[in-house]
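*Asks:* need a structure here:
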Amino acid sequence: SNLGMRILYGVINEMDGVWCERVFAPWGDMEAEMRKEGLPLYALESGDPIAEFDIIGFSLGYEMAYTNVLNMLDLAGLPLRSEDRKDLRPLVVAGGTSMYNPEPLAPFVDIVSLGEGEDVTVEMIQLYRKAKQEGWSKAQLLRAAAQIPGLYIPSLYEISYREDGLIASILPQEGAPERVKKRIVTDMDRSYYPVKTIVPSTEITQDRVMLELFRGCIRGCRFCQAGFVYRPVRSRSEISILEELRRLAASGYCEVVLTAISLPSYGKDTGTGLAELVEHAAAVAGIERIRLGSLDPDMLTDDDIRRLAAVPKLCPQFHLSLQSGSSKTLRAMRRPYTTEQYAAVAAKLREAFGEENVSITTDVIVGFPGETEQDFEDSMAFVAGQRFLKVHVFPYSRREGTPAFDFPNQVPEHEKESRSRRMTAAVEKVRAELAHAAQGRTAQVLLETPLSSTLFTGYTKQYLPVVVNAPGHKSGEIVTVTLGEWDGKRCRAQAQ
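*Replies:* Have a look, this model is predicted:
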């Protein structure tokens, strides 16, 4: 379901003479069996050992995945350090948001890709193909790769450190540029979008199709990398988005999620807006349900709410970004609203769409630097009082390069975990109450993963997860159901 991975997978596989496959870190029990049997890490599509591929790429969104890189290289039977991999093949590349701080992995990867990858990846592969055809050494390839904007070659820089572990100096070697500038896609209307999606063999987290409206964020929240690494905001034109929707509908999709970091920002750079886009998207033949991604409450206007409520195809489920139920913590995070302002917007959504018809979901961070026990209690009380259908609870994670990384009064890890458990228990209690209250109601459900010839997973328009008994129906159909008991994860439901 990761859109970035799907984009790169599609871009590479559409290159002549190039085949891209996927590989993931196996879970602990499978890894143990692979090591026991001497089975090297292999690609999903062909089953070929990844050590036999020309290029191995890692997409890294957070620092905790760094150890997985080393473990996967070891499981593949490859030397961990770049200097010990002498041959051109395999080249080890890493990209993703966490690689804006590349030095922890610098000894282990050959190339770091900074920024958005669809253009620079093609240029890198074309260079590799030339190197392979002409018999270059690995050193020759890396020197040439250093001239491609967006590629950082760790072996071509001499790094010295201060006594406190911070970097003292960075000296480029052998013609490498002094500064590597991240790559961005400047024309979103020409950006690649994967219409041919990978068909999973198991149930996945998100079965519906996502459509990216724009990239970028300029909010600068103190805990988040996005406002720093994804700038500037670049919207796709409405014409381009509607054309993509028609292609998706022709491919058989009837539900689409309009996605971006904060959807109300859509069109601020082009003079259009989210509500207008949703109105026009609803007119696309074949698209029956439209969902919205994350919404910042301070950017959602009364006019937006009024216009959105008038679109029958819009699912009345809104992911209204919160982050904390304490106004004090929100100020520290640099979120531009208070809990009172947030509650007012949520109330307007419930009034516009109907209290029983609408659901609101959100994200909450616990253990932000400086959060006291009272701040946490205030946050938990506010979150429980808002009656969210789903809350994603995250213990605060320090991100290198964000202002909060260096804040004083960091909350100890054990306390963050304790608060995470307490918050999760509180929101799951509310979730169960809302699910039980829905028992006996009718709902529209898009049938997704078949569990048997008659049982399907799916979601209501309010994003309540269900297991539907629907004899005579198939995946992709929208059916009317009667909601039943909540089992802690899903509602049981019967097709009418």
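
*Asks:* got the residue ranges for the strands in the stretch 51-200 of the chain?
*Replies:* Secondary structure of the stretch 51-200 of the chain, counting by DSSP state E, counting those that start in this stretch: strands at 55-59, 91-95, 111-113, 151-152, 157-161, 167-172.

*Asks:* same deal with the stretch 251-400 of the chain?
*Replies:* Under DSSP E, counting those that start in this stretch, the stretch 251-400 of the chain gives strands at 255-259, 289-292, 294-295, 317-320, 359-366, 390-395.

*Asks:* JSON lines for those strands, including distance to T329?
*Replies:* Using the backbone N, CA and C atoms, a C-beta is placed for each residue, glycine as well. What follows is the strands of the stretch 251-400 of the chain, written out as JSON lines (distance: least, C-beta to C-beta, whole Å):
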{"stretch": "strand 255-259", "distance to T329": "27"}
{"stretch": "strand 289-292", "distance to T329": "26"}
{"stretch": "strand 294-295", "distance to T329": "19"}
{"stretch": "strand 317-320", "distance to T329": "17"}
{"stretch": "strand 359-366", "distance to T329": "8"}
{"stretch": "strand 390-395", "distance to T329": "13"}
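
*Asks:* out of these, which gets nearest to V311?
*Replies:* With C-beta to C-beta as the measure, strand 289-292 is the member of the strands of the stretch 251-400 of the chain nearest V311 (7.4 Å).

*Asks:* which residues touch that closest one?
*Replies:* Residues outside strand 289-292 that contact it (C-beta atoms under 8 Å, 6 or more residues apart in numbering): 208, 254-258, 263, 274, 278, 281-282, 311, 313-315, 317-319, 446, 461, 463, 478.

*Asks:* if I look at D375, how far off is M333?
*Replies:* Separation of D375 from M333 (C-beta to C-beta, to the nearest Å): 12 Å.

*Asks:* looking at those two, which one has more neighbours?
*Replies:* A direct count of neighbours by other C-beta atoms under 10 Å for D375 and M333 places M333 higher, at 23 against 19.

*Asks:* now do the contacts for that one.
*Replies:* 221-223, 323-324, 365, 368, 404.

*Asks:* now for G484: which residues touch it?
*Replies:* 439, 491-494.

*Asks:* got CSV for the contacts of M333, with neighbour count and distance to A176 too?
*Replies:* Formatted as CSV, those follow (neighbours: other C-beta atoms under 10 Å; distance: C-beta to C-beta, whole Å):
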residue, neighbour count, distance to A176
C221, 21, 33
R222, 17, 33
F223, 24, 33
Q323, 21, 39
S324, 28, 43
I365, 25, 38
F368, 26, 38
A404, 21, 32
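
*Asks:* could I get the strands of the stretch 251-400 of the chain as CSV with mean pLDDT and distance to A343?
*Replies:* Below are those laid out as CSV (pLDDT from 0 to 100; distance: least, C-beta to C-beta, whole Å):
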stretch, mean pLDDT, distance to A343
strand 255-259, 95, 25
strand 289-292, 97, 20
strand 294-295, 95, 15
strand 317-320, 97, 10
strand 359-366, 98, 11
strand 390-395, 97, 15
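
*Asks:* rewinding a little: is it possible to mark the buried ones in the contacts of G484?
*Replies:* In the contacts of G484, burial by neighbour count holds for 491-493, counting by 16 or more other C-beta atoms under 10 Å.

*Asks:* just the ones of these in strands?
*Replies:* 491-493 (DSSP state E).

*Asks:* now these in JSON lines, with distance to I287 and pLDDT?
*Replies:* Putting those into JSON lines (distance: C-beta to C-beta, whole Å; pLDDT from 0 to 100) gives the following:
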{"residue": "C491", "distance to I287": "25", "pLDDT": "97"}
{"residue": "R492", "distance to I287": "29", "pLDDT": "97"}
{"residue": "A493", "distance to I287": "24", "pLDDT": "98"}
